[in-house]
Structures are given as structure tokens and as C-alpha cells.
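> Sequence unavailable; structure follows:
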């Protein structure tokens, strides 16, 4: 009986999180109410309080469901001794973007966290999580650009930290526009093409090549 009770409690918690995802997406976090979440979930408001205490607890639990793009990228970015760094970066970034594009739940959660939420003081843990993820991604990109420079693969006019900043801003900017819902481009199409184009422009010219500087 106890096992069944725990299973039912876990199922109710998942149902409430699913309902919160729907309500927060439609209404925005600030305008959403626990009564709406409970109604969509088919539960009582008391169940929401029992599982999450208040709307902040519900929001933070929902945030835990989200795999950030930054974390997905950092887990996959690596330096392979047998491959040029910049093309490998492009491949990894594009794979992460395509994976996000094909995952409707991650898109909904990202939309809530980046487009439907005002980060007031009590939401600091979720905001800090994003800031830390941004920092990790920029640092990892800088490490790879530094490795490319050491191998002679990065154009001399690019500093690794500057190249990392520009690439991060490119991906992050496109991501925010895509999440608005009315973008006339895709992550797997134009955004990946832009990532490949930028990294191609950062590459050092082949030995013996003539022409103007590449940046």
C-alpha cells in the first residue's frame, strides 16, 4: 500500500508539473495562478501546496526539468587530436541545436524560462543557473579557440576570448529570436549555416593561400 501511495504521489507531482508547463507557457509565470494549474491538472490547490508549497517552488521544480542548451553543448564539446578544432565545434554546436529543435518539451520550457518569466529576487536560483551555464559555455568555447590558435588553425586576427564571445552571442541571439515563436528561420537550417559560416571565417587561411585577411 505504501509503495502504491508513493507511486500515486509521484504521478500527481508529474501531472502538476505538466499542467504548470502548459499554464506558464500560455499565461506567463507572473500572471499564472495555482488555481489554474490545479484545474488543468485535475487536482486540488491543496495538492499543489503539498508538493511544491507555493508558485515559486513549482517554478523552480519546473526549471529542474530543463536541459539548458549551454549544458548540452559543454557536455559534447571536446578536442580531438585527429580532427581540426573549428569544424568539430561547428558539428557539435549544430548537433545540439538540431536536438533542441526536435524536442518540443525543451522548447516549451526554454520559452517559459526566457520569454514568459520576469526574474524577480526570489527567482534568483534559476537566473543564477542560467548565468553560470552561460559562463561555462563561453569558457569552453574560449578553450577550444585557444587550442585552435595553438595548432595554427585560428586566424591571427582573432583572439580566442573574442571569438568565443562572438560565437556565443550569435547562438544566443538566434535562440532568443527562435523562441519568440514567429521566426522565419530554423535552428537546423539558417542558424547552423551561420555557425558554420562564422567558424569558417575564423579559420586560418591554408598555407600558401593569397588574398585579403579573413577577418
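Now that the structure is in, tell me what you want to look at. Worth saying up front: this structure is predicted, and the values here are computed from it rather than measured.
> Where does the prediction get shaky in this structure?
1-4, 207-215 (pLDDT under 70).
> Got the domain ranges for it?
2-64, 69-202 (automatic domain parsing).
> Please enumerate the strands of the protein.
Along the chain, counting by DSSP state E, no stretch forms strands.
> thinking again about what came up before, a markdown table for the domains of the chain, including mean neighbour count?
Placement of C-beta: from N, CA and C, glycine included. As requested, the domains of the chain are exported to a markdown table (neighbours: other CB atoms under 10 Å):
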| stretch | mean neighbour count |
| --- | --- |
| domain 2-64 | 16 |
| domain 69-202 | 16 |
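> which residues touch the closest residue to residue 9 other than its chain neighbours?
Of all residues not flanking residue 9 in the chain, residue 51 sits nearest, at 7.7 Å (CB to CB, 6 or more residues apart in numbering). The contact partners of residue 51, taken as CB atoms under 8 Å, 6 or more residues apart in numbering, are 9, 12-13, 16, 58.
> ok, now residue 40?
19, 22-23.
> The same query, at a cut-off of 10 Å, please.
Under the criterion of CB atoms under 10 Å, 6 or more residues apart in numbering, the neighbours of residue 40 are 15-16, 18-23, 26.
> and these as TSV, adding distance to residue 62?
Listed next are the contacts of residue 40 as TSV, based on distance: CB to CB, whole Å:
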residue	distance to residue 62
15	13
16	10
18	10
19	10
20	5
21	6
22	11
23	10
26	14
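> just those residues now: which is nearest residue 174?
residue 21 (23.5 Å; CB to CB).
> Give me the distance between the closest one and residue 65.
8 Å (CB to CB, to the nearest Å).
> Find the residues that touch each one of the two.
In contact with both residue 21 and residue 65: 105, 109, using CB under 10 Å, 6+ apart.
> Spatially central residue in this structure, please.
Against the mean C-alpha coordinate of the chain, by CA atoms, centre = their mean, the closest residue is residue 69 at 2.6 Å.
> Quick one: residues contacting it.
Counted by CB under 10 Å, 6+ apart, residue 69 has contacts 93, 96-97, 99-100, 106, 110, 133, 137, 171-172, 175, 187.
> Mind doing that once more with 8 Å?
Per CB under 8 Å, 6+ apart, neighbours of residue 69: 96-97, 100, 110, 171, 175.
> Equivalent analysis for residue 73, please.
By CB under 8 Å, 6+ apart, the residues touching residue 73 are 92-93, 96, 137, 140.
> Wait, residue 186 touches residue 101, no?
Yes: at 6.5 Å, residue 186 and residue 101 qualify as touching, with contact defined as CB atoms under 8 Å.
> So for those two, which residues contact both of them?
Shared contacts of residue 186 and residue 101 (CB under 8 Å, 6+ apart): none.
> that older thread, could you check how far the residue nearest to residue 9 is from residue 125?
Noted for residue 51: a distance of 18 Å to residue 125, by CB to CB.
> ok, now residue 52?
The gap separating residue 52 from residue 125 is 14 Å, by CB to CB.
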